[in-house]
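S.K.: Fold the stuff below for me.
(chains A and B)
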Amino acid sequence: MSKGLEYSSLESASKWRNLPLPPGFSRSTSSKASSKTSAPPPEAYNEIKEKRALDFAIAPAKSLPMQAFMLYMSGSGVQIFSIGIVVMLLLSPFKNLAGMNDAFAQFAPSTAKNPKSFLTLPLQKLVYIVCNVVTLAVGLWKCRSMGLLPMGTGDWLAFETRGIAPETVLF
Amino acid sequence: MFLLPFALLLCSTFSLAIHESDVGVIDWHKKLIGAPLAAPVFHHSAKNGTIESLLLVPTASNVLAALNTTDGSVAWRYVFEADDDIASFHADGDVVVALSGQGASVLRSFEASTGLISFEKRLDAPTVGPQAVDVVFEPNTGAMFALNTHLISRIGEVQWTWDAPDKTQTYSKLVHTGAALYGVGLSQQTASLYLSALNPVTGAQIHVSWKHLPPSVSAFVVAGDSIAWVDPASQGLGWVRLEPGLKGHIRTEKTQKWLAVVDVDLRDSELFVGVLASGEAKVLRLHEGVVEAMHTFPAHDGPEALFAGGPRQGGQTLAIDGMRLVITTSTGAIQFWEQDQLVWGREESLAAIDRAAFVELPLPEHVARVNIEGESFVSRLTRQIADAKDFPAYAAAFAQRFITGAAPPDEVVVSAHDHTASLARDAFGFKQVLVTATAYGTIFGLDTASGAVLWTRVLDAAGGTVKPVKIFVVDGHADGKKDIVLIVQRKAQNTLVDTVVFRIDPLTGASVDLAEADTERLLQGTVVLAGPLVEAFILPESDVVILVDEFFQINPYPNTEASATLLAHHAPNLYLPFTESFADGPRVVGHALKFDPNLSDKYVAHRTWGLRLPPGESVRQIIKPHVGPIASLGKVLGNRTTLYKYLNPRMFVVLTKGESSACGVYVVDGAKGTMLYSAVVPGVGSTGCDVHATLVENWLVYHYYEGDGMREGETKGWRLVTVELYEGGLDEKTQSSDMSAFSVEGMQVEALEQSYIFAHGITAITTTSTKFGITSKDIIVATRNNKIHSIPRRILNPRRPQGRKPTAEEQQEEQLIQYDVLIPEDPRRTISHTYEVAQTRNIITSPALLESTSLVFAYGLDLFFTRVAPSNTFDILNKNFNKAQLVLTVSGLALGIVIAKPMVRRKRLRERWYN
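M.R.: From the prediction side, this is the model:
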């Protein structure tokens, strides 16, 4: 029962793979043992990877309650803390979406031609996008409640102009 | 109830009372007494071994005042109510007695040195109108006798009133000889003298007739214990000594032809003046029953009023005390001369200002020099070298300004006590010239920094009287200079009226239109209309004044080609509402302009609408809107929605007086005469209306007295109503500000209003005005208790929620506070602080160069000037802002970085090597 787990094999693009072996270490014994034991099929790995990708995708949604609590605590005033939290909430979805393909590359199935393609793990990425949009929406909602969103006519009043009345009355 | 202190607390963070250190620096107050009515009376009182001299004078502003003779300052004054006219005043020892009121029946006794009232007494009023009043004092007892037409009263420990048996016999003088009290009268119908003798202690009548008096006399005088008269039939001077039994021996002097006797208020010295038919006059002394001539002088060389102390028609009066001389002039000036030296002078016509205007000063010369283009290289070089000599001073000032923080004090404070400095604009525009035209035909330039009179001019009345009607500030001929156009109605002695325009340089008072060499002489004007003026207006954004004459013809001033073109350009869209007199009283009538060469060579105003009022209602007053820049087109509410302001630029206010003591407040469109807002408020009693109103942008504030509660449970008191007109509900807009008056949507107005109880009656109301209109506008009122208050905009917001607390949004965005019926009286809001600003008739405001600040000038009896910052001075650094500390902190941090940076770099390098 000397099943060894080749963790490094999970990482398709591990940079440690080509490192020289430490002195006095022989790979053959363990590899022999491992080769003897039935290695899990690549499909199983892919399944696990997909599962983990889904976990990763819904991670932003999981942190939402925490963030909501922070927003609640920061109050509706425009202060440095509330602004900091709101900026974080507004920026992180964009940052996340920009780095989405890189972030999901590690969960790409071994069959994938290009792990960084948008089309690998489409379902998880979609969930990830939705979660980030929800985060963004929460951030915007907070902005609105702080009065930072130009929603009403009052916000555009300063840009209205009027001409001169045609009739003049002198007093 | 719990909320009120909270609301006050909330307000307090926004209200900023004047600091004690600013008193007399940002504001000034001129205590005036008004133009003298009668000759001033010297009064001497010994106090702490020194003799204090006071000058007692009753004035046209209904004030009894005492001036210090040393410097002309007001020692004390008593301001009588408007319905309590001074009839006469009399001084004796340390007692000054004034008779006033209807029938001259209110007697007040003042302490002469302090002005404190020792008692006030209501005497019996005569059954006929009061014709003559006189007061004499009984020596040693402190009692006094007051004569009022046919009543003689004794005021003192023993009091009695004697009524003449024949009420048609009115007495005009009282004589007290110790033995008896005499009333002397001259019948208006028969010109006969009559006398009555009373017992001064009991008031019993001793005798009332005198058989041997001449049948008719022209006038009589009292000299000592005698009376003297001229008998016009025989042209003889007669006199008699008063005796209790009225049996004195009448003596006459007929060697010379006498015309008249003149009372010169020197009866205690037994002196009077007799005028001879030969044209000479003699100062006569009636002593021990003998008349002796003291001095002879020509009588008709000067105005009659030159007789000492004689208050006669000329308007010029004199009071002489030893070698000291007080002159009061027909222009309301009081001058005090000692020998031939002018010791002090007071300009009392300032107590009767009719029109006033702020004039901005031009830029200082070295800044204003703009003629740089086209100057040669050499001249530029010399100019720059010449300018360079100011550099050290500039650098020093800059350094000082940098270190001390804010601007040098004299810029913020505007050198209150140095008015010799040249008239140039200061950094913040606080220093301006106030041009004031008075009812006495004088015009003054006042420095707003100190209140000093920069110049005085007397308008040329051409022998008649002048009445200032309108004052306009127009652009002058020179760059950045302003001119004053003063329009005056001049009434000649033959009652013909013409309209005269004076164009004045506000800095010097010199005439602009007509070249003049000497500004000491009468100011000459240009007659523009040979008839009365109906109204005068200034054309929008121009320097052209149009005058409407009695035939409703439009006369532009200056009468040039350019003004005619401008008038023709504006004429089709011009509407002129003003009041016209009709048989049933004044009415507000709107006019449009028409040019018909068949009728007249000028534009003619024809009636287009008349304001239709309920029957019996008459127009009291038209109130012009305050015109200023409009910073915001609407009011943003807490939920980000907008109420669009109804910004009809044609709106004005009409105050009316109706039957059954109701007063109307109307907001009227000036182009078509429709009412946009109307309210009926109760009047004062059944007689008058005491409504004051002011209109700015879409905001109307009016004040009235609620005498009898209209409904059950209402209290009496003054009310302040704030009204805001909007284009409609939330987010509804009609673009009222650029809409035609005849558009259908123009009538869509929604008024928000709230009424408050105000603790005081007011005499004037206005709003502050600032350069860009961004600063909130406060209401400035002059109250009847002689204070000037400012009422913040927040308190007068008609959106203050009633019966609930404002929501967080409303509090945060609109700064609303819960409605409370009472406007709290906050002493910090009294901008006149301890000054007593009496009888304010009007308040004018002007923007300074600083957006936050508005200049306020209140005039009436007193003058008061201050500046207010309704939203606090957000555009200048706080006085105690420490610039040096800021600079030190920043430079300290910079130094820290300079030192720390190489250290950190070295440490990092070490880390790389050794870790």
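
S.K.: give me every residue that touches B:H477.
M.R.: The contact partners of B:H477, by CB atoms under 8 Å, 6 or more residues apart in numbering or on different chains, come to B:D483, B:V512. Every residue, glycine included, has its C-beta placed from N, CA and C.

S.K.: One more pass at 7 Å, please.
M.R.: Residues near B:H477 by CB atoms under 7 Å, 6 or more residues apart in numbering or on different chains: none.

S.K.: three-state assignment of whichever residue of the stretch 801-915 of chain B sits closest to chain A?
M.R.: Closest residue of the stretch 801-915 of chain B to chain A, CB to the nearest CB: B:E813 (7.4 Å). Of the three states, B:E813 takes helix under DSSP: H, G, I helix; E, B strand; the rest coil.

S.K.: which residues does it contact?
M.R.: Counting by CB under 7 Å, 6+ apart, B:E813 makes contact with B:V636, B:L637, B:G638.

S.K.: so which of those residues comes closest to chain A?
M.R.: When the contacts of B:E813 are compared against chain A (criterion: CB to the nearest CB), the nearest one is B:V636, at 3.3 Å.

S.K.: what's across from that closest one in the sheet?
M.R.: B:T642 (DSSP bridges).

S.K.: Setting aside sequence-adjacent positions, which residue approaches the residue in chain A positioned nearest to chain B most closely?
M.R.: Among the residues of chain A, A:G152 lies closest to chain B, at 2.6 Å counting by CB to the nearest CB. If the residues on either side of it in the chain are set aside, A:G152 comes closest to B:R640, at 2.6 Å by CB to CB, 6 or more residues apart in numbering or on different chains.

S.K.: Surely that neighbour is within a strand?
M.R.: No. Read with three-state DSSP, B:R640 is coil and lies in no strand.

S.K.: State the distance from it to B:G34.
M.R.: Noted for B:R640: a distance of 56 Å to B:G34, by CB to CB, to the nearest Å.

S.K.: Give me the more crowded residue out of the two.
M.R.: More crowded of B:R640 and B:G34, by other CB atoms under 10 Å in any protein chain shown: B:G34, with 24 against 20.

S.K.: show me the contacts for the more buried one.
M.R.: Counted by CB under 7 Å, 6+ apart, B:G34 has contacts B:T59, B:A60, B:S61, B:V63, B:E348, B:A351, B:A352, B:L861.

S.K.: and the gap between it and chain A?
M.R.: 30 Å (CB to the nearest CB, to the nearest Å).

S.K.: What is the lowest-pLDDT residue among the contacts of B:E813?
M.R.: Looking at those by pLDDT, the weakest one is B:G638, with 83.

S.K.: is it true that it touches B:P801?
M.R.: No. At 10.6 Å, B:G638 and B:P801 do not qualify as touching, with contact defined as CB atoms under 7 Å.

S.K.: which of those two has more neighbours?
M.R.: Comparing B:G638 with B:P801 by other CB under 10 Å, the one with more neighbours is B:G638, at 20 against 13.

S.K.: Run through the residues that contact that one.
M.R.: B:T807, B:E809, B:E810, B:Q812, B:E813, B:E814.

S.K.: Quick check: mean pLDDT of stretch B:773-790?
M.R.: 93.

S.K.: Now do the helix or strand hosting A:P93: everything it contacts.
M.R.: Take DSSP states H and E as the rule and A:P93 turns out to sit in helix A:80-98. With contacts defined as CB under 7 Å, 6+ apart, helix A:80-98 is touched by A:60, A:67, A:70-71, A:74-75, A:129, A:132-133, A:135-136, A:138-139, A:142-143, A:146.

S.K.: If anything else comes up later, I'll come back, but that's it for now.
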